[in-house]
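Engineer: build me a model:
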Amino acid sequence: MINLTGRRDPFLSPVVNRSMIGSGCSMGKKCLAIGQISLKGVVKAEAGMIAVVVNAMDKAYFLRENDPVFNGYVVKITGDSIIFKETVQDKLGKSFTREVTKKITTPAV
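Structural biologist: Have a look, this model is predicted:
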């Protein structure tokens, strides 16, 4: 918090408490957190590639390129992977982006 003189309030912590930031989401593609997604398959359609992903509760969703998710968006879908651009925050609240690649997970036989 910055006061009227342009200086930071010394009594407020500059560290962001992530538990106080609410997602505002209940369901849908826009509520998928990239860290909790696993890629189950890719389908080639006339309009482009479609990724079949599941969340932590094993609910399936279909994603296309440029689809927004909770903390980023889909950059590219290939035959065996999906690439996200994820927006993350450090402990001081500064946000930056990084690319996250998820590959198809196959169970060991």
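Engineer: could you give the mean pLDDT of the host helix or strand of residue 83?
Structural biologist: Secondary structure assigned from DSSP states H and E places residue 83 in strand 81-89. For strand 81-89, the mean per-residue pLDDT is 94.
Engineer: now it: buried residues?
Structural biologist: Under the neighbour-count criterion of 16 or more other C-beta atoms under 10 Å, strand 81-89 has 82, 84-86 buried. Where C-beta positions appear, they are placed from N, C-alpha and C, glycine not excepted.
Engineer: make JSON lines from those residues and add distance to residue 8 to it.
Structural biologist: Shown next, in JSON lines, are the buried residues of strand 81-89 (distance: C-beta to C-beta, whole Å):
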{"residue": "82", "distance to residue 8": "40"}
{"residue": "84", "distance to residue 8": "33"}
{"residue": "85", "distance to residue 8": "30"}
{"residue": "86", "distance to residue 8": "28"}
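Engineer: returning to that earlier point: so what strands line up beside the strand holding residue 83?
Structural biologist: Here strand 81-89 is paired, per DSSP bridges, with strand 72-77 (antiparallel), strand 95-103 (antiparallel).
Engineer: from these, which stretch is densest packed?
Structural biologist: Greatest average neighbour count among the strands paired with strand 81-89 goes to strand 72-77 (a mean of 18), per mean count of other C-beta atoms under 10 Å.
Engineer: give me the contact list for that one.
Structural biologist: Outside strand 72-77, the residues that touch it by C-beta atoms under 8 Å, 6 or more residues apart in numbering are 34, 42, 48-51, 63-67, 82-87, 97, 99-100.
Engineer: show me where this protein has strands.
Structural biologist: Secondary structure of the chain (DSSP state E): strands located at 38-45, 48-54, 60-63, 68-69, 72-77, 81-89, 95-103.
Engineer: understood, closing this out.
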